[in-house]
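Undergrad: have a look at this prediction, sequence included:
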Amino acid sequence: MNLLILVVDDEPDVELLFRQQFRRDLRAGRFTMDFAPSAAAALTRIADAAGQSLILILSDINMPGMSGLELLPKAKALRPDVPIIMITAYGDADTKRQALEKGAKALLTKPIDFGTLRSEIDMRVGNAA
């Protein structure tokens, strides 16, 4: 089974960081990761992944053009079955409230706690198996 995690972030170094953090999992084929540099690109990728086992979407909130908070309801409309975790450098209470009200499963603040994220991914992979 090809399990897919989509990471949405306009910062180019994020892909490298995630690929380093999860290199063993990616090499072992536990799941694959796709990266979208914008919310618009993410919506296209989500629509294209209709036949794949998309198990998690991780999205930055602050991006040029469409923000992660604007992406959230659109992504949920396309794939209501896929949990979305928002990532932000500004984890204030209002941002967290907005993200959760719009359907995010959780909000992670930067720098990302990869231990917490790994636990979340392990749970998703286990549930999909």
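TA: Structure's in. What do you need?

Undergrad: for the closest residue to residue 67 other than its chain neighbours, give its distance to residue 96.
TA: Leaving aside its sequence neighbours, residue 67 sits nearest to residue 61 (C-beta to C-beta, 6 or more residues apart in numbering; 6.0 Å). All C-beta spots, glycine's among them, are computed from the backbone N, C-alpha and C. Taking C-beta to C-beta, to the nearest Å as the measure, residue 61 and residue 96 are separated by 10 Å.

Undergrad: kindly report the same for residue 127.
TA: From residue 127 to residue 96 the distance is 24 Å (C-beta to C-beta).

Undergrad: more neighbours: which of those two?
TA: residue 96 (17 against 8; other C-beta atoms under 10 Å).

Undergrad: give me the contact list for the helix or strand that one falls within.
TA: In the assignment (DSSP states H and E), residue 96 maps to helix 93-101. Contact with helix 93-101 is made by 61, 68-69, 72, 86, 88, 107, as judged by C-beta atoms under 8 Å, 6 or more residues apart in numbering.

Undergrad: how far away from the center of its chain is it?
TA: 16 Å (C-alpha atoms, centre = their mean, to the nearest Å).

Undergrad: would you list the strands that whichever helix or strand comes after it pairs with, along with their directions?
TA: Using DSSP H and E, the next helix or strand after helix 93-101 towards the C-terminus is strand 106-109. Take DSSP bridges as the rule and strand 106-109 pairs in its sheet with strand 84-88 (parallel).
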